[in-house]
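Asks: dropping the sequence and predicted coords here.
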Amino acid sequence: MQKYTIHDFNRDFPDEESCLDLVADLIYPDGMPCRKCGELRKHHRLTNRKAFSCQICGTHIYPLAGTIFAKSTTPLKSWFYAMYLIASTRCGISAKQLERELGVTYKTAWRIYNQLRKLMAENSGPLTGTVEVDETWIGGKPRYRAGGPQPARRADGSRRPGRRTRAEAPNQKPVIGMVERGGRVRAFAVPHVGRRVAQPLVQAHVMPASLVYTDAANAYDLLEGKGYRHERIHHEAKVYVDGDIHTNTIEGFWSLLKNGIAGVYHSVSAKHLQAYVNEYAFRYNHRKSDAPMYELVKAQVKAVRYGRYGAYAPIGE
C-alpha cells in the first residue's frame, strides 16, 4: 500500500495558504456563509491575515477560530508538518526532535505536541465482534529502600526469581485495554485494576453480546452476567493459546506502547500517561490509513464545522 510520504506533503502543502485552504474546505464544504448577508457567498482569501472576506459586503470569516491553531504565532505549515511527523511515525517522536524539525523552541514544540495529543483522544463508537481485554502496568523497575516494600524471598533468604508483585512496584501505573481482532483499540489509565473499574469500562466501550477474551484475573469475573460471551485463557498455568482463545492481539499493542515509551520518551508521569496512551491508540487505529495526518485535521475541525459565527453541524451531516 502506498503511504503518504514527505514528497506528498510538500506537494499538497507548499505554503501557508494551502494549509488554510484545507481547513476552510473542511469547515465549509458547501461554501462559506456570510454572517452579515445571511447566505452563502463567494469569499476571497486575505493576504495580510488568516481570514476570508465576503465579496459583497467585505465581512471577514476566520476559519481557524475555535481551533488549536487560533491565536498561535507558529506558522500553520509548521502545525501541519508536526501532524505529519506525529501521525506517520510508528513508535512516536519526542518533543526535542519536534523542536529540531520545526526550528522552534522546546516550549513551543511541547505545547504543539500536547495540543495534538488532545485530538488523538477519539471515540468512534463501541467495539464489536471478538474483543480482547487485558491490563498492563506502565512504569520503571521497583526501587527497594530501607523500610519500604522489599523483594520476595525464599525461605533460605535468597531472592525469588520471576515477576515482582505489584506491591513491590508502586511506581507502576495500570492501564486497561480492549481491542477488536483486526480492528480498533481502546486503552485507559486507571487508578487500580478491579471489578469496580474494569467492568464499567468494558460495558461502556464493548457492545453487549460480543465475544470477550480475557485472562483469569478476578476483575472480569462477572462479565458473562452482563450480557457478554466470556472466555478465559489461563496464563498462570502457562497456557497462552487455546484454539481461538488468547489475548495476543492486545499483548501486541502493549508491546508497541511500552517499547515506544521506553525508546522515545524513556518515562512518563502518571499525570500525562493517558495522553501518551491516546497517542499510541490513535496510531494503532489508523495504521491502515494512507494519510493519517488528515484524520488529525478532521478531528480538529469536526466540532467547528461552520466556524465561530455559524451553527454547529458535525462533519458528515
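Replies: Happy to help now that I have it.
Asks: look up how far L222 lies from the residue positioned nearest the centre of the chain.
Replies: Taking C-alpha atoms, centre = their mean, the centroid of the chain lies closest to N278, which sits 2.7 Å from it. Counting by C-beta to C-beta, to the nearest Å, the separation of N278 from L222 is 28 Å. (C-beta placed from N, C-alpha, C; glycine too.)
Asks: before we move on, what about P174?
Replies: Taking C-beta to C-beta, one finds P174 at 19 Å from L222.
Asks: give me the more crowded residue out of those two.
Replies: Legend: neighbour count by other C-beta atoms under 10 Å for P174 and L222, higher for P174 (20 against 13).
Asks: contacts only, for that one.
Replies: E135, T136, W137, I138, A189, V190, P191, H192, V193 (C-beta atoms under 8 Å, 6 or more residues apart in numbering).
Asks: tell me who's in contact with the residue nearest to Y62 when sequence neighbours are not counted.
Replies: Counting by C-beta to C-beta, 6 or more residues apart in numbering, Y62 lies nearest to A51, which is 4.9 Å off, once chain neighbours are set aside. For A51, the contact set (C-beta under 8 Å, 6+ apart) comprises R45, H60, I61, Y62, P63.
Asks: kindly report the same for K50.
Replies: The neighbours of K50, taking C-beta under 8 Å, 6+ apart as the test, are E16, L20, Y62, P63, L64, L76.
Asks: and it, what element?
Replies: Using DSSP states H and E, K50 is not contained in any helix or strand.
Asks: look up phi and psi at it.
Replies: Dihedral angles of K50 (phi, psi; degrees, to the nearest 10) stand at phi -90, psi 70.
Asks: and the strands in the protein?
Replies: Using DSSP state E, the strands found in the chain span residues 33-34, 39-40, 43-45, 52-54, 60-61, 130-138, 173-180, 185-189, 211-214, 229-232.
Asks: what separates the fourth one from the chain centre, distance-wise?
Replies: Translated: strand 52-54. Offset of strand 52-54 from its chain centre (C-alpha atoms, centre = their mean, to the nearest Å): 35 Å.
Asks: can you say which of the contacts of K50 are buried?
Replies: L20, Y62, P63, L64, L76 (16 or more other C-beta atoms under 10 Å).
Asks: which two of the residues you listed have the greatest separation?
Replies: Y62 and L76 (12.6 Å; C-beta to C-beta).
Asks: contacts only, for the residue nearest to V185 when sequence neighbours are not counted.
Replies: Closest residue to V185 apart from its sequence neighbours, by C-beta to C-beta, 6+ apart: V179 at 4.2 Å. By C-beta under 8 Å, 6+ apart, the residues touching V179 are L127, V131, E132, V185, R186, T249, I250, F253.
Asks: quick revisit: what's the closest of the contacts of K50 to T108?
Replies: L76 (13.8 Å).
Asks: enumerate every residue touching that closest one.
Replies: E16, C19, L20, V23, K50, L64, F69.
Asks: okay if I get these as a markdown table plus pLDDT?
Replies: Shown next, in a markdown table, are those (pLDDT from 0 to 100):
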| residue | pLDDT |
| --- | --- |
| E16 | 92 |
| C19 | 92 |
| L20 | 92 |
| V23 | 90 |
| K50 | 90 |
| L64 | 87 |
| F69 | 89 |
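Asks: still on that earlier bit, quick check: ChimeraX command selecting the buried ones in the contacts of P174.
Replies: Applying 16+ other C-beta under 10 Å to the contacts of P174 leaves a buried subset, and the ChimeraX line that selects it is:
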select :135,136,138,189,190,193
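Asks: quick check: which ranges of the chain have low pLDDT?
Replies: By pLDDT under 70, the weakly predicted segments of the chain are 1-2, 141-170, 302-317.
Asks: helices of that one, start to end?
Replies: Counting by DSSP state H, the segments of the chain that form helices are 6-12, 16-27, 76-88, 95-102, 106-119, 195-205, 248-260, 273-285, 293-301.
Asks: same list, the ones you listed, but as TSV with distance to C37 please.
Replies: Listed next are the helices of the chain as TSV, based on distance: least, C-beta to C-beta, whole Å:
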stretch	distance to C37
helix 6-12	32
helix 16-27	18
helix 76-88	27
helix 95-102	39
helix 106-119	32
helix 195-205	45
helix 248-260	50
helix 273-285	39
helix 293-301	23
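Asks: relative to V212, which of those helices is closest?
Replies: Once the helices of the chain are compared by C-beta to C-beta, helix 195-205 is nearest, at 7.0 Å.
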